[in-house]
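Peer 1: Sequence and predicted structure are below.
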Amino acid sequence: MAIPHATVERVLEENKDHDCSEGGKHVCVRITAIADLPTRFGDFQVVAFHSPFDGKEHAALVRGDPLGQQHVPVRLHSECLTGDALGSLRCDCRDQLEQALKEIGKRDLGIVLYLRQEGRGIGFENKIKAYQLQEQGLDTIEANRALGFRPDERDYEVAAHMLNSLNVRSIQLMSNNPDKIADLKFHGIEVEGRIPIVIPPNPHNRRYLETKRTKAGHLLGPSSGVEFSEQLDNAGADEAPPSPS
């Protein structure tokens, strides 16, 4: 099952008239193309979004037909060139992306939003500068602050608009980051539950993951030893997402 061809044509036609002319002032996305995307993780459709707000092109990998659906498993993934494309072991980004695609690829319905927010929103060049500072002893949060940034510069309003453009009524968020839940809810997305996605550390990213747990509040703990598929089956709408602080 996928988004039917007739629905694809209707969505694209509707988005032709979607006014993003004030994108410099207000977050706005417009669906510009939808195509089939067979992958090693299963068959998806890829939806291309244009955002004049940040001048970037974002993507959604869609399994099934999410339009008008509730309880949709959704992964928000921020771009990581070093991890996603180059296989860096300094983070767990590629592992999380592949795990999410594998699990959603087994289901009848789900979405992976791929957001062009490299380096927690500070960009590729600054991320590499942060790596240099980490090699001098700073952790990821300290390095960002030393460069004049907040620990996390990402904003998920674009993700919320992408979900609204796909007419998704409610989601179960595949994440360990409570800030994502709070931010999506702030922007009007109904988050019914959280699906943990925990990757075992390796020697190169152990401190990175520990910093996320102790300083950024990511929900990484004893459950990290549980198989992800088992967590996926056991987590859901009965797990209340944390409230924004």
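Peer 2: Yep, that arrived.
Peer 1: per-residue confidence for residue 178?
Peer 2: At residue 178 the predicted local confidence, pLDDT, stands at 86.
Peer 1: what's the burial count for it?
Peer 2: Neighbour count for residue 178, taken as other C-beta atoms under 10 Å: 19. Bear in mind the C-beta positions are built from the backbone N, C-alpha and C, glycine included.
Peer 1: ok, it to residue 43 distance?
Peer 2: Residue 178 sits 32 Å away from residue 43, taking C-beta to C-beta, to the nearest Å as the criterion.
Peer 1: Pull the contacting residues for residue 180.
Peer 2: Remark: with contacts taken as C-beta atoms under 8 Å, 6 or more residues apart in numbering, residue 180 is in contact with 76, 156, 173.
Peer 1: make it 10 Å
Peer 2: Under the criterion of C-beta atoms under 10 Å, 6 or more residues apart in numbering, the contact list for residue 180 reads 74-76, 78, 152, 154, 156, 159, 173-174, 191, 194, 218, 241.
Peer 1: Out of those residues, list just those in helices.
Peer 2: Within those, residues falling in helices by DSSP state H are residue 159.
Peer 1: quick one: which of the contacts of residue 180 is nearest residue 51?
Peer 2: Distance to residue 51, by C-beta to C-beta, is smallest for residue 159 among the contacts of residue 180, at 10.6 Å.
Peer 1: Let me see the confidence value for the residue in the chain sticking out farthest from the centre.
Peer 2: For the chain, the residue at maximal distance from the C-alpha centroid (C-alpha atoms, centre = their mean) is residue 136, at 29.6 Å. At residue 136 the predicted local confidence, pLDDT, stands at 94.
Peer 1: Quick check: it vs residue 143, distance?
Peer 2: Residue 136 sits 9 Å away from residue 143 when distances are taken as C-beta to C-beta.
Peer 1: what does residue 123 give?
Peer 2: To residue 143, residue 123 is 14 Å away according to C-beta to C-beta.
Peer 1: One more: residue 127?
Peer 2: 9 Å.
Peer 1: In terms of neighbours, single out the busier of these two.
Peer 2: residue 143 (24 against 21).
Peer 1: Can you report how many residues neighbour the closest residue to residue 153 other than its chain neighbours?
Peer 2: Closest residue to residue 153 in three dimensions, ignoring its sequence neighbours and counting by C-beta to C-beta, 6 or more residues apart in numbering: residue 121, at 3.2 Å. Number of residues near residue 121 (other C-beta under 10 Å) recorded here: 20.
Peer 1: Could you grab the helix/strand/coil label for the closest residue to residue 8 other than its chain neighbours?
Peer 2: Nearest residue to residue 8, sequence neighbours excluded (C-beta to C-beta, 6+ apart): residue 34, at 4.9 Å. Using DSSP: H, G, I helix; E, B strand; the rest coil, the secondary structure recorded for residue 34 is strand.
Peer 1: So in this protein, where's the weakest helix or strand by average pLDDT?
Peer 2: Taking mean pLDDT, DSSP states H and E as the measure, helix 228-234 is the helix or strand of the chain with the lowest mean score, a mean of 35.
Peer 1: I figured residue 138 was touching residue 151, is that so?
Peer 2: No. At 11.9 Å, residue 138 does not count as touching residue 151 under the criterion of C-beta atoms under 10 Å.
Peer 1: joint contacts of these two?
Peer 2: Residues within reach of residue 138 and of residue 151 at once, by C-beta under 10 Å, 6+ apart, are 144, 145, 211.
Peer 1: Can you flag which of the residues you listed belong to helices?
Peer 2: When the shared contacts of residue 138 and residue 151 are checked against helices (DSSP H), the matches are 144, 145, 211.
Peer 1: Run a quick neighbour tally on the closest residue to residue 65 other than its chain neighbours.
Peer 2: Take residue 65 and drop its neighbours on the chain: the residue closest to it by C-beta to C-beta, 6+ apart is residue 3, 4.8 Å away. Neighbours of residue 3 under the rule other C-beta under 10 Å: 19.
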